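what follows is a predicted protein model with its sequence.
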There are 2 protein chains.
Amino acid sequence: MLITLDLESDIPIYQQLRDEIVRGLAAKKLAPEEGLPPVRALAQDLGINMHTVNKAYNILRAEGFIGVHKRRGVFVRRPEEYRAEAAHLDELKERLRPILAELLCRGLSAEEILPLCRVVIEEF
Amino acid sequence: MLITLDLESDIPIYQQLRDEIVRGLAAKKLAPEEGLPPVRALAQDLGINMHTVNKAYNILRAEGFIGVHKRRGVFVRRPEEYRAEAAHLDELKERLRPILAELLCRGLSAEEILPLCRVVIEEF
DNA sequence: TATCTGTTCTACTTGTTATAGAACAAATTC
DNA sequence: GAATTTGTTCTATAACAAGTAGAACAGATA
């Protein structure tokens, strides 16, 4: 799976890495039980620090997306294990709100925004 | 217009304030040409520092939403002056992507996600 | 036993966030 | 003209986050 980072971005590297892996899950480019690279190897690959990769992995684990075995390393959990619950939906709606607000007040209608969302979804 | 801030949040105060004002625009609770409170008064009202308000105002101005007169203060620009252009749409799609990806990989289909977006839009 | 895994620890640098106070320039009001 | 109100700019400080670095640890496995 290809991971792209922008080291110039004002989005933290660990956040970008976390987002890229979630994107891989959405696009089904990461299968359940599949192993992710060791923190040291991935850090080397991406040209970043081991601790930065570790931070991304820890967030993903806290979010339920991955699990950790000592020695076997990090692996993707099964989708049943991180299905959306009410709390997730609330938090995701909170994060959607400011973006949708900006689209609205920049003159787009709901009938223009929803197809735009569909396009983004279908790009995965 | 009511502005709510969460000083405990990990989202910076100036960002929350900026988002609240954009939300006010989306909800049409802020009319074009309407004046916003002076930085000192709003800071006092919200219990935050003047420079924090000023930072939010500067972001909003850079984004085209507000204008500044010396002495008359800060005012809302007309919607024609900040209509979405291609660059805006690209940036907003980028910001939507990780959220929609998370909804997808947590098991929601496009047919569940789009109505959810509609609900958020209709709450303004 | 040796090795590979994530984890934890200290340490340091850099940049961001938020606060504070002072002073400035422009525009308006008296 | 003088005083006032506006955003702006400056210096300063404290707290925190991000990223890097190196070392050491504990568990699992070959």
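Yep, it's here. Bear in mind the structure is a predicted one, so any value in this text is a computation, not a measurement.

contacts only, for the residue nearest to A:Lys55 when sequence neighbours are not counted.
Among residues not flanking A:Lys55 along the chain, A:Tyr14 sits closest, at 4.2 Å (C-beta to C-beta, 6 or more residues apart in numbering or on different chains). Using the backbone N, CA and C atoms, a C-beta is placed for each residue, glycine as well. By C-beta atoms under 8 Å, 6 or more residues apart in numbering or on different chains, the contact list for A:Tyr14 reads A:Thr52, A:Val53, A:Lys55, A:Ala56, A:Ile59.

for chain A, what lies in contact range of DNA strand C?
For chain A, the contact set with DNA strand C under C-beta under 7 Å from any atom of the strand comprises A:10, A:36-41, A:50-51, A:54, A:57-58, A:61, A:68, A:70-74.

now the strands for chain A?
A:66-69, A:73-76 (DSSP state E).

want to try TSV for those, with mean neighbour count and mean pLDDT as columns?
Output for the strands of chain A, formatted as TSV (neighbours: other C-beta atoms under 10 Å in any protein chain shown; pLDDT from 0 to 100):
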stretch	mean neighbour count	mean pLDDT
strand A:66-69	16	95
strand A:73-76	18	96
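
so which of these gets nearest DNA strand D?
Of all those, strand A:66-69 sits nearest to DNA strand D, with 6.4 Å by C-beta to the nearest atom of the strand.

could you confirm whether that closest one reaches DNA strand D?
Yes. Applying C-beta under 7 Å from any atom of the strand, one finds strand A:66-69 touching DNA strand D at A:His69.

and that strand, anywhere near chain B?
No. Using C-beta under 8 Å from any C-beta of the partner chain, strand A:66-69 never reaches chain B; the gap is at least 11.8 Å.

so what are the sheet partners of that strand and their directions?
Here strand A:66-69 has these sheet partners by DSSP bridges: strand A:73-76 (antiparallel).

which residues are in contact with the strand it pairs with?
A:25, A:30-36, A:38-39, A:57, A:61, A:65-69.

again, only using 7 Å
A:30-36, A:38, A:57, A:66-69 (C-beta atoms under 7 Å, 6 or more residues apart in numbering or on different chains).

pick the one among those residues closest to DNA strand C.
Distances from DNA strand C to these, taken by C-beta to the nearest atom of the strand, are shortest for A:Pro38, at 3.3 Å.

relative to B:Asp90, how far out is the closest residue to the closest one other than its chain neighbours?
Leaving out its chain neighbours, the residue that sits closest to A:Pro38 by C-beta to C-beta, 6+ apart is A:Gly73, at 5.5 Å. Applying C-beta to C-beta, to the nearest Å, the value for A:Gly73 to B:Asp90 is 36 Å.

cool, and A:Glu33?
For A:Glu33, the distance to B:Asp90 - C-beta to C-beta - is 36 Å.

how about A:Ile59?
Distance from A:Ile59 to B:Asp90, by C-beta to C-beta: 26 Å.

the longest helix along chain A packs against which elements?
Counting residues, the longest helix in chain A under DSSP state H turns out to be helix A:86-105. In terms of contacts (3 or more C-beta pairs under 7 Å, 6 or more residues apart in numbering or on different chains; DSSP states H and E), helix A:86-105 is packed against helix B:13-26, helix B:86-105, helix B:110-122.

mean neighbour count, those: which tops it?
helix B:13-26 (a mean of 21; mean count of other C-beta atoms under 10 Å in any protein chain shown).

show me which residues of chain A sit near DNA strand D.
A:7, A:12-15, A:48-52, A:69-72.

now those residues: which count as buried?
A:Ile13, A:Tyr14, A:Ile48, A:Thr52 (16 or more other C-beta atoms under 10 Å in any protein chain shown).

what's the spacing between the residue of chain A positioned farthest from its centre and B:Glu34?
For chain A, the residue at maximal distance from the C-alpha centroid (C-alpha atoms, centre = their mean) is A:Gly107, at 29.1 Å. Distance of A:Gly107 to B:Glu34, given as C-beta to C-beta: 18 Å.
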